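# Show me how the following folds:
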Amino acid sequence: MRKIKWLAIPLALLLVALTGCQAVGGFDVAKALASSVKTTSSESKQTVTVEVVPAASAKLTAEDRKAIDLINSFSLNIDSAKVQDTKHISMKGSVGLKEEKIPFLLSMDDKGIALQVDGAKQPLYISQQPAIPGLADTSSMEAGAQELSAKLAEFVLKHFPNPSVLTVKQTSSQVNGESLSLTNLHAEVRGDELFGLIKPFLASAVKDEQGLKDLIAGYYDLLTPFLSTLGELPEDAELTPELAQETKKQAVDELYKELQQGMEELLASYDEEVAGLFADTPELATVFGKDTVLKLDLYFDGKLNIRKQSMELNVALPASEELPISAIKVRSDSEMWNIGGTVTTDQVDTRAGVLDVTEMDPTPGQILRNFKDVAPLYKLLKDDFQLSHKQVVLDTQSDYYGVITKNGTSFVPLRYLSEQFDAEVKWTPGSGQLVVIDDLTGKEIVLKVGSKQATVDGKTVQLSQPAFVHKDGSTYVPLRFLTEALGATVSFDADGWITIERE
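Numbering: from 1, shown residues only. Okay, the predicted model is just below:
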């Protein structure tokens with residue numbers, strides 16, 4: 001793999017964040033941007049819209065048009081975002097979809113992240129990872145990580161050259177209803193500029209020995225306690241302060257030499273690597289071409305806090321039959337106030353229970369039932385995303401699937417097929433009675449080994465053949481009966497394949 005390929009992700013991120021690093025009109029851009037990286041209390045609001053542009057020559061199918069219209073109807077409106085500290089954040093707003101709005105509240109604390117959608121039965125919940133055994137308090141590590149992120153941002157911005165369009169002017173603008181005197185930093189970055197900006201950045205950064213060593217030392221200080229807790233360091237790692245400092249210096253020097261060598265090798269072959277990358281992937285010429293453009297306006301107050309920002313990103317895409325679109329456009333506008341002030345986040349009420357996606361893997365039925373009363377979201381999940389759709393293909397010639405033909409009836413293992421459709425199977429020991437609970441509808445399918453009679457949602461049904469217990473201990477049931485009871489259809493082909501599908 002060519003060395004240059006590791007730049008793909010940084011380039012994508014730079015397309016969103018890059019505004020150059022040198023002073024413009026006496027305004028210290030690097031200092032202003034670096035200060036914005038540090039997390040502090042604040043309140044804000046934001047809107048985000050997305051537009052997919054169909055290719056002019058594309059022959060769109062009805063399905064293509066439906067997907068494009070769905071994406072283009074999306075909008076995110078955050079009416080109130082609150083940052084209390086690094087662990088307590090909330091966002092209240094709505095998602096626009098197909099000319100309808102879906103209100104929501106998201107909150108995060110040190111225990112987890114909760115998302116309440118207006119009308120949903122329970123909020124979705126993501127539990128925070130438990131504390132590392134033996135490491136009682138990770139707050140110092142988190143603070144160190146935040147500080148290190150700020151230093152990394154300062155280092156990158158210090159060495160990055162300015163894009164071709166970068167201007168600064170004084171202006172008056174409204175922020176949360178208040179008229180403020182602000183410094184407007186305007187930047188425009190084209191896709192065909194990015195690779196040309198990376199090379200001078202590397203050339204400048206590789207000469208900053210102290211800056212690189214400070215970053216390496218920061219990572220060393222951050223990770224050493226963590227590695228010690230996990231037992232990754234030898235037992236004799238507890239050294240005197242003097243010896244510990246010498247060990248750190250040696251490690252930093254060695255890592256610096258490796259990093260410096262890697263950067264110099266990349267610089268030496270940079271042009272060749274870039275040319276090779278575009279030769280191997282010609283489509284990149286469009287993505288990183290003149291029509292891919294980021295326009296960014298940042299508005300700073302006298303304390304170098306970002307109080308307002310507007311972003312327009314147009315990403316050009318190469319013509320393709322598989323992807324009949326020529327561009328994706330994203331626009332975002334935001335305002336921020338009460339920076340560094342007293343902020344109390346809004347909290348999702350979880351007292352009545354949650355749908356914890358970290359504790360369980362929610363089935364389609366559980367998700368759909370949870371959002372049953374949120375009409376636009378329910379319709380989106382069921383019809384557009386086809387969350388309830390299932391397809392199972394069985395090979396009657398393979399022992400793996402366990403399809404058995406008996407007295408002209410095809411049988412399948414009850415538990416196997418039920419689980420393919422997320423249905424729950426209950427068995428009463430000694431009774432021979434089995435209950436299958438349909439994941440989507442919640443209706444019960446009750447049958448008994450050796451009996452041709454069963455009930456589906458309380459209604460009696462006659463089976464063509466009774467369920468039986470195979471010699472391997474598995475319970476087998478008539479395929480067509482179970483398939484149709486679970487709301488699916490079954491079809492057979494001449495080659496012995498069975499297709500079971502639920503819309």
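# if you skip the residues just before and after it, what's nearest to the residue nearest the centre of the chain?
By Cα atoms, centre = their mean, the chain has its centre lying nearest to Ile126, at 13.2 Å. Excluding the flanking residues, the one nearest Ile126 by Cβ to Cβ, 6 or more residues apart in numbering is Ile113, at 4.5 Å. For every residue, glycine as well, the C-beta is placed using N, CA and C.
# neighbours around Asp253, how many?
11 (other Cβ atoms under 10 Å).
# Roughly how far does it sit from Ser204?
21 Å (Cβ to Cβ, to the nearest Å).
# ok so, going back, looks to me like the residue nearest to Ile126 is in a helix.
No: secondary structure of Ile113 (DSSP: H, G, I helix; E, B strand; the rest coil): strand, not part of a helix.
# Test my guess that it contacts Leu105.
No: look at Ile113 against Leu105 with Cβ atoms under 8 Å: they stay out of range, at 11.6 Å.
# how far out from the middle of the chain is the strand or helix carrying Val446?
Element membership of Val446, judged by DSSP states H and E, is strand 444-448. Relative to its chain's centre, strand 444-448 lies at 40 Å (Cα atoms, centre = their mean, to the nearest Å).
# list the helices and strands it packs on?
Judged by 3 or more Cβ pairs under 8 Å, 6 or more residues apart in numbering; DSSP states H and E, strand 444-448 is in contact with strand 433-437, strand 453-456.
# was I right about Lys92 contacting Phe104?
Yes: using Cβ under 8 Å, Lys92 is in contact with Phe104, at 7.5 Å.
# list residues touching both of those two?
Contact criterion Cβ atoms under 8 Å, 6 or more residues apart in numbering; residues shared by Lys92 and Phe104: none found.
# Surely Pro318 forms part of a helix?
No: per three-state DSSP, Pro318 lies outside any helix segment and is coil.
# Please report phi then psi for it.
Pro318 has phi and psi values of phi -70, psi 150 when expressed as degrees, to the nearest 10.
# is it true that it touches Thr286?
Yes: taking contacts as Cβ under 8 Å, Pro318 lies within contact range of Thr286: 4.2 Å.
# Which one's more surrounded, those two?
Thr286 (18 against 15).
# Shouldn't the more buried one be within a strand?
No: applying three-state DSSP, one finds Thr286 to be helix, outside a strand.
# Got the confidence number for it?
On pLDDT, Thr286 comes in at 91.
# same question, Pro163
So, for Pro163, pLDDT stands at 84.
# Skipping adjacent residues, who's closest to it in space?
Val189 (4.5 Å).
# For the stretch 1-150 of the chain, give me the ranges with low pLDDT.
Within the stretch 1-150 of the chain, the stretches with pLDDT under 70 are 1-39, 129-143.
# ok, now with 80
Residues of the stretch 1-150 of the chain meeting the criterion pLDDT under 80: 1-40, 57-58, 128-150.
# need the strands for it, in chain order.
Using DSSP state E, counting those that start in this stretch, the strands of the stretch 1-150 of the chain run over residues 42-54, 75-83, 89-97, 100-108, 112-117, 124-127.
# Which one, of the ones you listed, ends up nearest to Arg480?
strand 124-127 (36.7 Å; Cβ to Cβ).
# which residues are in contact with the closest one?
Applying Cβ under 8 Å, 6+ apart, the set of residues contacting strand 124-127 is 111-115, 117, 350, 354-359.
# Strands of the stretch 151-300 of the chain, start to end?
165-175, 178-190, 293-300.
# any idea of the mean pLDDT for the longest one?
Same thing as strand 178-190. 92.
# got the buried residues for stretch 109-121?
Within stretch 109-121, the residues scored as buried using 16 or more other Cβ atoms under 10 Å are Asp109, Gly112, Ile113, Ala114, Leu115, Gln116, Val117, Gly119, Ala120.
# ok, those residues vs Glu209, which is closest?
Closest to Glu209, out of all of the buried residues of stretch 109-121 and judged by Cβ to Cβ, is Ile113, at 41.0 Å.
# Enumerate the beta-bridge partners assigned to the closest one.
Beta bridges link Ile113 to Met108, Ile126 when assigned by DSSP bridges.
# how about it, what does it touch?
Ile113 touches Leu106, Ser107, Tyr125, Ile126, Gln128, counting by Cβ under 8 Å, 6+ apart.
# Would you mind stating the distance between it and Ala120?
15 Å.
# before we move on, what about Ala244?
Distance from Ala244 to Ala120, by Cβ to Cβ: 53 Å.
# cool, Asn77 as well?
18 Å.
# likewise Ala251?
51 Å.
# Find the residue closest to the residue of the chain most remote from its centre in space, skipping its chain neighbours.
Farthest-out residue of the chain from its mean C-alpha position, per Cα atoms, centre = their mean: Asn407, at 51.2 Å. The shortest distance from Asn407 to any non-neighbouring residue, by Cβ to Cβ, 6+ apart, is to Gln465 (5.5 Å).
# hang on, that neighbour is in a strand, isn't it?
No: judged by three-state DSSP, Gln465 forms no part of a strand; its state is coil.
# which helix in this structure runs the most residues?
helix 241-268 (DSSP state H).
# So which residues of this structure form helices?
8-17, 29-37, 62-72, 139-159, 194-205, 209-229, 241-268, 270-280, 284-287, 364-370, 375-379, 414-420, 479-485.
# tell me the most buried of those helices?
helix 479-485 (a mean of 21; mean count of other Cβ atoms under 10 Å).
# Show residues contacting that one.
Everything outside helix 479-485 that qualifies as a contact, by Cβ under 8 Å, 6+ apart, is 403, 409-412, 414, 417-418, 436, 438, 445, 454, 456, 461, 463-464, 489-490, 498, 500.
# just the buried members of these?
Looks like those have 403, 409-412, 414, 417-418, 436, 438, 445, 454, 456, 461, 463, 490, 498, 500 buried, using 16+ other Cβ under 10 Å.
# what's across from Thr171 in the sheet?
Leu182.
# Okay, it and Asn184: tell me how far apart.
5 Å.
# Which neighbours do these two have in common?
In contact with both Thr171 and Asn184: Tyr299, using Cβ under 8 Å, 6+ apart.
# What would stretch 359-374 look like as PDB? C-alpha coordinates only.
C-alpha atoms of stretch 359-374 as PDB (Å, rounded to 0.1, in the frame of the first residue of the first chain):
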ATOM      1  CA  GLU A 359     -27.100  -4.000  27.000                       C
ATOM      2  CA  MET A 360     -29.100  -5.600  24.200                       C
ATOM      3  CA  ASP A 361     -29.300  -5.800  20.400                       C
ATOM      4  CA  PRO A 362     -32.800  -4.400  19.700                       C
ATOM      5  CA  THR A 363     -34.800  -6.400  17.200                       C
ATOM      6  CA  PRO A 364     -36.700  -4.700  14.300                       C
ATOM      7  CA  GLY A 365     -39.900  -5.300  16.200                       C
ATOM      8  CA  GLN A 366     -38.600  -3.700  19.400                       C
ATOM      9  CA  ILE A 367     -37.400  -0.600  17.500                       C
ATOM     10  CA  LEU A 368     -40.600  -0.300  15.400                       C
ATOM     11  CA  ARG A 369     -42.900  -0.700  18.500                       C
ATOM     12  CA  ASN A 370     -40.800   1.900  20.300                       C
ATOM     13  CA  PHE A 371     -41.400   4.500  17.500                       C
ATOM     14  CA  LYS A 372     -44.900   3.300  16.600                       C
ATOM     15  CA  ASP A 373     -46.400   6.700  17.500                       C
ATOM     16  CA  VAL A 374     -43.700   8.800  15.800                       C
END
